[in-house]
Structure formats: structure tokens, C-alpha cells
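S.K.: from the sequence below, what's the structure:
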Amino acid sequence: MLHAHFGSESRDCDGRYSDGRDIAAAKFTDELDDKHDFAEAMLVWLYRSPDVGPVSITIDTDERDRLVIALSMGTDEGFYSAGVTICEEDDFEESYSGYRDHTAESMGY
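M.R.: Numbers count the residues shown, from 1 in each chain. Predicted coordinates:
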């Protein structure tokens, strides 16, 4: 099943956050096996207008030859970075959620 592994990290005046989830290609394209159409949709989905300074976007492949799209940018209170790995392996987990508020966790919440 064609899907993307999403991950993000950010910092602002309230602390550090990270997020992660798996995203099914079916949410973005009818061409469920077209990796390039899905990658284009993920690029549009990841993009954010810059707060301060430029937005950096890289497109590469990882050690398993999967397409990786990464975005990073400064914000008025810190930074935001996110990325997706386009994946065709049998490891999609619809219910996976990797959201964390690291500052709240360090304070015992």
C-alpha cells in the first residue's frame, strides 16, 4: 500500500514539539500506485509560507531508495521542520500517532 511516513519537529516560546503519523496515498490521489503523483501531493501538503527567512525544501532518496521530502524554516518564535518518506512497504499503521509536547512531558504532564 502506497503511503507516507510523516514526521515534524518545532520549537516556539512554549517549548518543543514533535509529531508523526502514516498517511495513506488514497487521501490525496486516485492513482493509488503512482508514487510521483503522491510525492507531488505531499510536497504541496508539507509547504508552509515562511514566517522569517527562507523555506528550505530537499528531495532525496534514503538508504532503501525511498523518496524523502524535507522542509525546514525559521519562525518568529523558533523553527519548524517536517518531512515525509514515500513508502510502498507493508508497514502502514493508520492509528499511529507520534505527537509529543516535550516541554510538558519534562514537567510531568
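S.K.: quick one: end-to-end distance for stretch 89-97.
M.R.: Stretch 89-97 has its terminal residues 19 Å apart, counting by Cα to Cα, to the nearest Å.
S.K.: so which bits of that stretch are buried?
M.R.: Neighbour-count burial for stretch 89-97 flags residue 92 (criterion: 16 or more other Cβ atoms under 10 Å). Just so you know, the C-beta spots here come from the backbone N, C-alpha and C atoms, and that holds for glycine as well.
S.K.: and stretch 28-44, by the same measure?
M.R.: So, applying 16+ other Cβ under 10 Å, buried residues of stretch 28-44: 28, 29, 35, 37, 38, 39, 41, 42.
S.K.: that one: how far from the chain's middle?
M.R.: 14 Å (Cα atoms, centre = their mean, to the nearest Å).
S.K.: do the same with stretch 38-47
M.R.: That offset, for stretch 38-47, works out to 10 Å (Cα atoms, centre = their mean).
S.K.: re the thing from before, least confident of the buried residues of stretch 28-44?
M.R.: Among the buried residues of stretch 28-44, residue 29 carries the weakest pLDDT, at 69.
S.K.: pull the CA atoms of the biggest helix by length in the chain into PDB?
M.R.: For the chain, the helix that runs over the most residues, judged by DSSP state H, is helix 35-46. The C-alpha trace of helix 35-46 is given here as PDB (Å, rounded to 0.1, in the frame of the first residue of the first chain):
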ATOM      1  CA  LYS A  35       4.500   7.300  -6.400                       C
ATOM      2  CA  HIS A  36       5.300  10.500  -8.200                       C
ATOM      3  CA  ASP A  37       1.700  12.000  -8.100                       C
ATOM      4  CA  PHE A  38       1.600  11.100  -4.400                       C
ATOM      5  CA  ALA A  39       5.000  12.700  -3.800                       C
ATOM      6  CA  GLU A  40       3.800  15.900  -5.600                       C
ATOM      7  CA  ALA A  41       0.700  16.000  -3.400                       C
ATOM      8  CA  MET A  42       2.900  15.500  -0.300                       C
ATOM      9  CA  LEU A  43       5.100  18.400  -1.300                       C
ATOM     10  CA  VAL A  44       2.200  20.700  -1.600                       C
ATOM     11  CA  TRP A  45       0.800  19.400   1.700                       C
ATOM     12  CA  LEU A  46       4.100  20.000   3.600                       C
END
